[in-house]
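[1] below is the structure, and that's it, no one-letter string:
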């Protein structure tokens, strides 16, 4: 562990850490967007089904 830290300059490790955090953040953001899209579609489908049932009941 110590030898590796001495071989690698701190600037590179900081850049690697930043890129890792950025990748994790982008993954989380994409997951959030996917969940939002899926939720939107689920609600949309539910509303369509409920609307069709309500129309058939009224008619």
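    Great, that's in hand. Everything quoted here is computed from the prediction, not taken from an experiment.
[2] go through the protein and flag its longest helix.
    Secondary structure of the chain read by DSSP state H shows that its longest helix is helix 10-58.
[3] how far does that helix sit from the chain's center?
    For helix 10-58, the gap between its own C-alpha mean and the chain's C-alpha mean amounts to 5 Å (C-alpha atoms, centre = their mean, to the nearest Å).
[4] just the mean pLDDT for it, thanks.
    Along helix 10-58, the predicted local confidence has a mean pLDDT of 83.
[5] tell me what that helix is packed against?
    Helices and strands touching helix 10-58, as assessed by 3 or more C-beta pairs under 8 Å, 6 or more residues apart in numbering; DSSP states H and E, are absent. For glycine as for every other residue, the C-beta is placed from the backbone atoms N, C-alpha and C.
[6] begin at 408 from here
    Yep, numbering from 408; the last one is helix 417-465 now.
[7] where's the residue nearest to the spatial centre of the chain relative to residue 432, distance?
    Among the residues of the chain, the one closest to the centroid is residue 438, at 1.5 Å (C-alpha atoms, centre = their mean). The spacing between residue 438 and residue 432, counted by C-beta to C-beta, to the nearest Å, is 11 Å.
[8] ok, residue 460 next?
    Spatial separation of residue 460 from residue 432 under the definition C-beta to C-beta is 42 Å.
[9] now swap in residue 457 and tell me
    Relative to residue 432, residue 457 is positioned 37 Å away (criterion: C-beta to C-beta).
[10] and residue 459, by the same measure?
    In this view, residue 459 and residue 432 are 41 Å apart by C-beta to C-beta.
[11] same check, this time on residue 423
    As defined by C-beta to C-beta, residue 423 lies at a distance of 15 Å from residue 432.
[12] likewise residue 443?
    To residue 432, residue 443 is 16 Å away according to C-beta to C-beta.
[13] equivalent analysis for residue 445, please.
    20 Å.
[14] ok, residue 421 next?
    For residue 421 relative to residue 432 (C-beta to C-beta), the value is 16 Å.
[15] residue 426: neighbouring residues, count only.
    Taking other C-beta atoms under 10 Å as the criterion, the count of residues near residue 426 is 10.
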